[in-house]
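K.L.:
sequence unknown, structure follows:
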RNA sequence: GGAAGGAUGGCAGAGUGGUCUAUUGCGGCUGUCUUGAAAACAGCUGGGUUAACUGCCCCGGGGGUUCGAAUCCCUCUCCUUCCGCCA
């Protein structure tokens, strides 16, 4: 959410931001509505002021035992109450309408973000590692997993429908190992580990920016104000809703884990093979709440990217970093990097991590503030990046480390989390 | 699932229809005193809205009664305790 005063004062900047983000919000309509709210609000407040004064006069008249005057004033009060009662529903309605529109206004992308329409306009800024070159015919992740008996999609679909999976054997252990590995590494860097609810209330999703626009991507728990989160970000943002933090406690650095759920609406027929795009997955997420300062946001944004890169490097997976263009970055974001891992079977890089900074866009929605050294209450800045999202990371991991003999090498850094195991091999017999 | 009791400012905790501009204490800030600190004393000390106010709003959320609600009524949410069930 942007500051309404900022939109009033700089409508052109906001309109341009919306254009760059392919967002069709009608800023002029919003401002027109805003004027209606202000006029009506002024009117209601004036009437209420009169009513408050009158109320005191009624008290006074009663004290003086002036019954005639008291009755006269009460009659006047009745009229004012009547007037307010008439105006209030409209004021509530237009105020709510303005708020709902405000939720749809995108954040202003940073000047450093590439201008573009969709993911094809994202700009690669860094490459690490060499795409693998084998002297044998490599398999794709699904074949590998089937050969090694690491997955059962058919029975998963029987249980939970399409885009479901069962991880078996060493894949199940690998999944937990990866979560542990990521959580551990981040904790060492001073991030506080959190295991957060995978279900959250409506306000958490509004606060984080998933609602109202992304509502169709979210599972709702029937007959309750609860929804399954698509990222632990949602719960962490919700944790601090309406709080005023102390400046000396910032930045708050968290590494959050919970199972994540996404409907993947509108992706029919896309990425249907294996475990790339599924409804339920596990994600370890980096999350930072810092002071309202652009330089500081940028600093932590780079830091979050660095952390993710280190994790992927330790997993020995070639990757690249792209600077995500305005059209692909989503409404709330000021700037965004994607980390894309090399997927040998597809001969291309695919997104495994997403690193964003949002200035106070989420903070305004969730009303998360802090008292700065100057005594003023300000909205915080928030940032987030994936640490590990799995099973998706299994795709580049398994494919990259497959061996000629059909086994899969477990990277050294991960091995301790697999009880020292160094290879995943076909089960004998 | 059943029963009871709660939700007030950073914290504790008063307030059961107008005198609430929310008592008081603790904490915090500032000042006086002091070489400095402590103590003592004095003052200040929530958020929002508005171009601004001696304006308006906020006593868990929403609705109602009333000229007037922290206070009365309805409803929802959450918390605590006890019982039941349970990983």
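P.N.:
Yep, that arrived. Since we're looking at a predicted model, the values are computed, not measured. Numbers count the residues shown, from 1 in each chain, chains lettered A, B, ... in the order given.

K.L.:
could you tell me the phi and psi values at the closest residue to RNA strand B within the stretch 201-350 of chain A?
P.N.:
Residue of the stretch 201-350 of chain A nearest RNA strand B, by CB to the nearest atom of the strand: residue A:244 (6.4 Å). Glycine gets a C-beta too; all of them are placed from N, C-alpha and C. The phi/psi pair for residue A:244 (degrees, to the nearest 10) reads phi -110, psi 110.

K.L.:
over to residue A:123?
P.N.:
Dihedral pair for residue A:123: phi -110, psi 110, per degrees, to the nearest 10.

K.L.:
ok, it - contacts?
P.N.:
Counting by CB atoms under 8 Å, 6 or more residues apart in numbering, residue A:123 touches A:114, A:322, A:323, A:325.

K.L.:
mind running it again at 7 Å?
P.N.:
Residue A:123 makes contact with A:114, A:322, A:323, according to CB atoms under 7 Å, 6 or more residues apart in numbering.

K.L.:
surely the second one is in a helix?
P.N.:
No: going by DSSP: H, G, I helix; E, B strand; the rest coil, the assignment for residue A:322 is strand, not a helix.

K.L.:
chain neighbours aside, what residue packs nearest to it?
P.N.:
In this structure, residue A:322 finds its nearest non-sequential neighbour in residue A:122, 4.2 Å apart by CB to CB, 6 or more residues apart in numbering.

K.L.:
helix, strand or coil for residue A:139?
P.N.:
coil.

K.L.:
which stretch of helix or strand covers the closest residue to RNA strand B within the stretch 1-150 of chain A?
P.N.:
Closest residue of the stretch 1-150 of chain A to RNA strand B, CB to the nearest atom of the strand: residue A:77 (2.6 Å). Using DSSP states H and E, residue A:77 falls within helix A:67-102.

K.L.:
if we can go back for a sec, for the residue of the stretch 201-350 of chain A closest to RNA strand B, give me the pLDDT.
P.N.:
pLDDT, residue A:244: 85.

K.L.:
for the closest residue to it other than its chain neighbours, give its distance to residue A:228.
P.N.:
In space, and not counting its chain neighbours, residue A:244 is closest to residue A:369: 4.9 Å by CB to CB, 6+ apart. According to CB to CB, to the nearest Å, residue A:369 and residue A:228 sit 28 Å apart.

K.L.:
strands along the stretch 201-350 of chain A, start to end?
P.N.:
A:227-228, A:244-246, A:252-261, A:280-290, A:319-323, A:335-343, A:348-357 (DSSP state E, counting those that start in this stretch).

K.L.:
spell out which residues of chain A are next to RNA strand B.
P.N.:
A:4-5, A:38, A:41-42, A:45-46, A:48-49, A:51-55, A:58-59, A:62, A:74, A:77-78, A:80-81, A:92, A:225, A:244, A:369, A:371, A:377 (CB under 7 Å from any atom of the strand).

K.L.:
of those, buried ones?
P.N.:
Using 16 or more other CB atoms under 10 Å as the burial test, the residues of chain A next to RNA strand B include A:4, A:48, A:51, A:54, A:58, A:77, A:80, A:369 as buried.

K.L.:
farthest pair in these?
P.N.:
Spatial extent of these (CB to CB) is set by the pair A:58 and A:369 at 39.5 Å.

K.L.:
residue A:370 contacts residue A:244, doesn't it?
P.N.:
Yes: if you go by CB atoms under 7 Å, residue A:370 and residue A:244 touch, sitting 6.4 Å apart.

K.L.:
and the helices in the stretch 151-300 of chain A?
P.N.:
A:153-160, A:170-188, A:202-208, A:232-239, A:294-314 (DSSP state H, counting those that start in this stretch).

K.L.:
same for the shortest one, what does it pack against?
P.N.:
Helices and strands touching helix A:202-208, as assessed by 3 or more CB pairs under 7 Å, 6 or more residues apart in numbering; DSSP states H and E, comprise helix A:232-239, helix A:361-366.

K.L.:
contacts for that helix?
P.N.:
With CB under 7 Å, 6+ apart as the criterion, helix A:202-208 contacts A:103, A:211, A:218, A:225, A:227, A:233-235, A:237-238, A:241, A:362, A:365-366.

K.L.:
try the longest one
P.N.:
The contact list for helix A:294-314 (CB under 7 Å, 6+ apart) reads A:128, A:182, A:185-186, A:189, A:251, A:286, A:288, A:290, A:319, A:321, A:335, A:337, A:339, A:341, A:353, A:355, A:357, A:359, A:381, A:383, A:385-388, A:411, A:413.

K.L.:
got a ChimeraX select line for the buried ones in those?
P.N.:
Typed into ChimeraX, the line below selects the buried ones among the contacts of helix A:294-314, using 16+ other CB under 10 Å:
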select /A:182,185,186,251,286,288,290,319,321,335,337,339,341,353,355,357,359,381,383,385,386,387,388,411
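
K.L.:
tell me how many other residues crowd the closest residue to residue A:199 other than its chain neighbours.
P.N.:
The shortest distance from residue A:199 to any non-neighbouring residue, by CB to CB, 6+ apart, is to residue A:226 (4.6 Å). Residue A:226 has 17 neighbouring residues, counting by other CB atoms under 10 Å.

K.L.:
same check on the one 4 residues further on?
P.N.:
The criterion is other CB under 10 Å. On that basis, residue A:230 has 23 neighbouring residues.
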